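K.L.:
sequence below, structure please.
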Amino acid sequence: MRYRARMAAALALAGVWAGAAGGGTAMAASAAPEASSVVQAAPAAAVPSAKVAAAAESEVIDFSVSLPLRDPAGAVAFEEAVTSPTSHSYGKYLTPEAWEARFSPTEGAVTRMTTWLTNQGLTVLSVTPDRMTIHVSGTVAQLEKIFGAKLGEYRVGGHQVRLSQSALSVPSAEAKQITAITGISQSYAHTANLTGSDIAKPTTSSASAPAGGEPILPPEGFRIGRPCSNYWAQDLDTTDPPYGDGFPEPLPYAVCGYKPAQIQGAYGLTPQIAAGDDGKGVTVAIVDAFASPTLFADAHQYSENNQPGEVLEASQFSEKVHKPFVDAEACEASGWSTEQTLDVESVHATAPGAHILYDGGSSCLNEGLDEADQEIIDKHLASVITNSWTGNEGELLEEQGTAAAFNNVLLMADGTGVGVQFSAGDEGDEYTVVGMNVSNYPASSPYVTAVGGTSLEVSKRDERIGEFGWSTGKSVLCTELLAELGYPGCTAGSLETYLPPAPSAYDYGGGGGTTYLYPEPAYQDAVVPAALAERNSAVTHERNRVVPDISMDADPSTGFTIGITQQFPKGVAYGEYRLGGTSLSSPLFAGVMADADQAAGKPLGFANPVLYYLDSLPATAEASFYDVVPGGKQAVARVDNLNGVSPAEGTLTSVRVIEYEGKQRFCDGAGNCEAEKNILSTAPGYDSMTGIGTPGAGLISELGR
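P.N.:
Numbers count the residues shown, from 1 in each chain. As a prediction, this is how the structure comes out:
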C-alpha cells in the first residue's frame, strides 16, 4: 500500500495519472488567481517538514524563462527525418542559424516577454542566441509578488535549497508564451561515479572553496585495496571462506582497474584506431560542474603512464569554464574534479585522436548544466556531448516544464547533428532510493542516448571474455576487526561468515527501466520487447520509451584506472585508482562515437535511430553489438582499505555478486521498510539492464558506412 501511495503521489505531480488526485497541474491551476495560469508546478520536495526558513526578501535570484518553439510539431518531425537512417533526409542537418530561423521563438516573442518582465521591475540579463531562454534577475520579494508563491529554504538530500512553496503563476496571456521558469527553485545534479567502497571514497575537502569560488582543492586521497588482478581472474582468493550457494570457488579478485589498451581491445577498437579511426578531427564536449585546476595536467600524466603512443597533448584539449564558482561546498566541488578527470581520460581512452572540450558550469545546479549543453549546441562547439550526471532520483520527481524546455534544446541538437549522451544512473530502477521503479531524466528523454553499465571481463590478451549486466549484490566478510568496530551484524558469533549470506543484498547498478512520461519512439519499435514497452501502459495507456539504449563497462569492481591529483595524509600528490559508474560508460561511448564520426567523414549526430536500425537487421546486428545475456552465478572477491588509502588500519573483504537480480530494500525516513525484486534483467536481444548491448568489433565500420 505504501508503494502505491508513493507512486500515485509522484504520478499526480508529474500529471500523468488522471486518477491520482485529478492531475497535479490541474489542481494547482484551480488554486491560482482567476486571471492567472500556472507556469511551473510546486517542487515535489517542498514539503512543510523539510522547511528550514523563509527565503530572505532582499536576496537577488538569477533565473531563466524558457519560451516555446514556434513550430514544436515541425521540430519533432524534422528531428525524426534527419536522424532516421531509412529517411531520404537522413543526415541532412541544418546549421544552428537555419534551425533557429525555422523553429526557435521569434524575435517578436522574445521582445514581448522581455518587455513584460521589465515592466514587472525585473532585470533582463541576456537572451540565448537560440532565443529559447531569457536570463533574468530579481529579488525574492519581487518574485513572490509576480509569481504568487512564497519561497523558502528546505533541507533536501543533504542540501539546503531554495524552493517555491506553491506553483508559480502569471497572467494567462503571458503563460501561453512560457514553457518553464527555472532557477527560482533549486535542484542539484549529482555525479554518476563510484569507487564501490562504502568505507571511504574521494570526497570534498572540508573547505572546497572559499567565497568567490576558488581554488577548488584536490579531492581526498584514495587507493584501491590489495590484492587485485591486472586482468580478469589473474589472481584467485584462496584464503577466505567459500561464499557458497553455488558460486565458483575460489572467487577471482576484482581487477585493479582496466587500462586504455584493455578497453580498446575488449571493444574491438584496437584495429580501428590503428587504421586511423581514432576520432581525429572530431570534438567531444564534456559537461560537468566546476573545473579542477589540474585537469589537463592529470590527464596528460595519466596518458603518458598508461597510453604511450597516444598521449593527450595540449593541442587536443580546451576548456570553457563559467566563473565565479558558487555553491562549491554544497556541491562537493572537489568530488566533481574526480568526475571531470574520469570523463576526460575515458574519452581519450576510446578516441585518442579526438579533441576534448571541457565545459565546467559555475555550480552543480541542474539549470546551469543544462545551459552549458545549450551553449555547446547553439554554437556547434562539438559533434558529441557526454554528460555524466543525473538530476533528481527518477523522472517523476523532475519538474516537467523544465524537462520540456530542455527537450526543446535537445531537439535542436538532433536537428543540427550533435549527439547528446547521458549516464543512465547508478541506482538501478531507483527503488532503493525513492521506493518506486522509475527511470532517470535526462537519460529518459527520447532525444538523447542513455548509456547504461556492464561488468566487463578482459583477458590477459586484452580480449573480452565476458560481459554482463551491471547490478551488484554485496556481502561483507565478518572479521574480528569489523566486530570491534561495530560493523552492523558482525559479532563474535558470526566471525568468518558473510553478511548477508549468499546470494547477498543489492548495492547498486546501472540505471534502466520504462518511462512514464515519453511514448515509445519509432526507433525502438522494432527492437524493444512489447513486455518492456508496455510495462506502464495501465497508467500511461500507451507503449513507452525504455532505457538504457546501449551500455559499456561501469561496474566499480571491473572499472577503469584514472589518474588524479589528490590530498593524501602526507600531502598533495598525483595518484591512480579504479573507478566506475555510468560516469565511465558514457564518456567511453562518446569516444566510440567520435571514432565513428571520423570513419563516416561527417557528424552522425543523434545515434539512437541508427543504433537500433543496425540492431534490427540480422546482417549487421551481430557485428555491431555484443549481446549481453545472463551469465549464471558469478562474483568477485574485493578488498578495500578501511582508511581509504592504506591497509595500516585494516581492510574490509567483500564479495560482489555480478548481475544481481534478487530483492531490493527501501526504507523511508520513518524507518518503514519494504522489499521487492529488481525489475531490471538481462536477456537475449534488447533488455532493460543493458539496452541493445555493448559495442561490437564491427560497430565503427557499420556506422562509418
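K.L.:
name the residues of stretch 46-66 that are buried.
P.N.:
Within stretch 46-66, the residues that count as buried by 16 or more other CB atoms under 10 Å are 46, 50, 55, 61, 63, 64, 65, 66. C-beta here means a position set from N, CA and C on the backbone, and glycine is covered the same way.
K.L.:
mind checking how far the last one is from residue 113?
P.N.:
Meaning residue 66. Distance, residue 66 to residue 113, by CB to CB, to the nearest Å: 10 Å.
K.L.:
find the residues that touch each one of the two.
P.N.:
Taking CB atoms under 8 Å, 6 or more residues apart in numbering as the criterion, residue 66 and residue 113 both touch 134, 178.
K.L.:
hang on, the earlier thing: redo the buried residues of stretch 46-66 as JSON lines? Include secondary structure.
P.N.:
As requested, those are arranged in JSON lines below (DSSP: H, G, I helix; E, B strand; the rest coil):
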{"residue": "46", "secondary structure": "coil"}
{"residue": "50", "secondary structure": "helix"}
{"residue": "55", "secondary structure": "coil"}
{"residue": "61", "secondary structure": "strand"}
{"residue": "63", "secondary structure": "strand"}
{"residue": "64", "secondary structure": "strand"}
{"residue": "65", "secondary structure": "strand"}
{"residue": "66", "secondary structure": "strand"}
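K.L.:
and the residues you listed, which is closest to residue 650?
P.N.:
residue 50 (37.7 Å; CB to CB).
K.L.:
quick check: that closest one touching residue 159?
P.N.:
No - using CB atoms under 8 Å, residue 50 is not in contact with residue 159, being 10.8 Å away.
K.L.:
pLDDT for the buried residues of stretch 46-66 - can I get that in CSV?
P.N.:
Converted to CSV, the buried residues of stretch 46-66 look like this (pLDDT from 0 to 100):
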residue, pLDDT
46, 90
50, 92
55, 97
61, 96
63, 95
64, 96
65, 98
66, 98
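K.L.:
and of those, the nearest to residue 318?
P.N.:
Taking the buried residues of stretch 46-66 together and measuring to residue 318 by CB to CB, the closest member is residue 64, at 25.9 Å.
K.L.:
which strand residues bridge the closest one?
P.N.:
Partner residues in beta bridges with residue 64, using DSSP bridges, are residue 135, residue 182.
K.L.:
surely it touches residue 182?
P.N.:
Yes - using CB under 8 Å, residue 64 makes contact with residue 182 at a distance of 4.9 Å.
K.L.:
any common contacting residues for the two?
P.N.:
Jointly contacting residue 64 and residue 182 under the rule CB under 8 Å, 6+ apart are residue 367.
K.L.:
counting neighbours, what do you get for residue 107?
P.N.:
10 (other CB atoms under 10 Å).
K.L.:
contacts only, for it.
P.N.:
Contacts of residue 107 by CB under 8 Å, 6+ apart are residue 131.
K.L.:
go on, the one 10 residues further on?
P.N.:
For residue 117, the set of contacting residues under the criterion of CB under 8 Å, 6+ apart consists of 65, 124, 134, 136.
K.L.:
same thing with residue 625?
P.N.:
550, 614, 615, 692, 693, 694, 695, 696, 699.
K.L.:
now the fourth one: how far from residue 136?
P.N.:
In this structure, residue 692 and residue 136 are 42 Å apart, going by CB to CB.
K.L.:
between these two, who's got more neighbours?
P.N.:
residue 692 (27 against 24).
K.L.:
can you list the buried residues in stretch 318-338?
P.N.:
Buried, per 16+ other CB under 10 Å, within stretch 318-338: 320, 322, 325-328, 330-338.
K.L.:
taking those residues together, which two end up most distant?
P.N.:
320 and 330 (22.9 Å).
K.L.:
now the residue nearest the centre of the chain: how far from residue 451?
P.N.:
Nearest to the mean C-alpha position of the chain, by CA atoms, centre = their mean, lies residue 423 at 3.1 Å. For residue 423, the distance to residue 451 equals 6 Å [CB to CB].
K.L.:
kindly report the same for residue 548.
P.N.:
Taking CB to CB, one finds residue 548 at 6 Å from residue 451.
K.L.:
list residues touching both of these two?
P.N.:
What both residue 548 and residue 451 touch, as defined by CB under 8 Å, 6+ apart, is the set 424, 443.
K.L.:
any stretches of the stretch 1-150 of the chain with poor pLDDT?
P.N.:
1-34 (pLDDT under 70).
K.L.:
the same query, at a cut-off of 50, please.
P.N.:
1, 17-33 (pLDDT under 50).
K.L.:
same check, this time on the chain
P.N.:
For the chain (pLDDT under 50), the answer is 1, 17-33, 200-213.
K.L.:
list the buried ones in the helix or strand encompassing residue 368?
P.N.:
If you go by DSSP states H and E, residue 368 is part of helix 366-379. Burial within helix 366-379, assessed by neighbour count using 16+ other CB under 10 Å, is assigned to 366-378.
K.L.:
quick one: which of these is nearest to residue 224?
P.N.:
Of the buried residues of helix 366-379, the one sitting nearest to residue 224 (CB to CB) turns out to be residue 369, at 29.4 Å.
K.L.:
residues touching that closest one, list them.
P.N.:
189, 287, 288, 289, 361, 387, 389.
K.L.:
surely the fifth one meets residue 320?
P.N.:
No - between residue 361 and residue 320 no contact is recorded; they are 10.0 Å apart, counting by CB under 8 Å.
K.L.:
so residue 437 sits against residue 431, correct?
P.N.:
Yes - using CB under 8 Å, residue 437 is in contact with residue 431, at 5.6 Å.
K.L.:
pick out whichever of the two has more residues nearby.
P.N.:
residue 431 (26 against 23).
K.L.:
spatially nearest residue to residue 246 (excluding sequence neighbours)?
P.N.:
Leaving aside its sequence neighbours, residue 246 sits nearest to residue 633 (CB to CB, 6 or more residues apart in numbering; 5.3 Å).
K.L.:
actually residue 440, not the one I wrote
P.N.:
residue 425 (4.3 Å).
K.L.:
now do residue 219 against residue 537, distance only.
P.N.:
44 Å.
K.L.:
quick one: the strands in the stretch 101-250 of the chain?
P.N.:
123-127, 133-139, 151-156, 159-164, 168-171, 180-182, 190-191, 236-237 (DSSP state E, counting those that start in this stretch).
K.L.:
again, but for the stretch 551-700 of the chain
P.N.:
Using DSSP E, counting those that start in this stretch, strands in the stretch 551-700 of the chain cover 560-568, 571-579, 625-626, 635-641, 651-657, 663-667, 673-677, 694-695.
K.L.:
and residue 594, what does it touch?
P.N.:
279, 282, 284, 347, 350, 351, 354, 383, 384.
K.L.:
redo that, cut-off 6 Å
P.N.:
Applying CB atoms under 6 Å, 6 or more residues apart in numbering to residue 594 gives the contacts 279, 282, 284, 351, 354, 384.
K.L.:
just residue 68 next, same as before
P.N.:
Contacts for residue 68 (CB under 6 Å, 6+ apart) come out as residue 179.
K.L.:
sec struct for it, please.
P.N.:
Strictly by three-state DSSP, residue 68 counts as coil.
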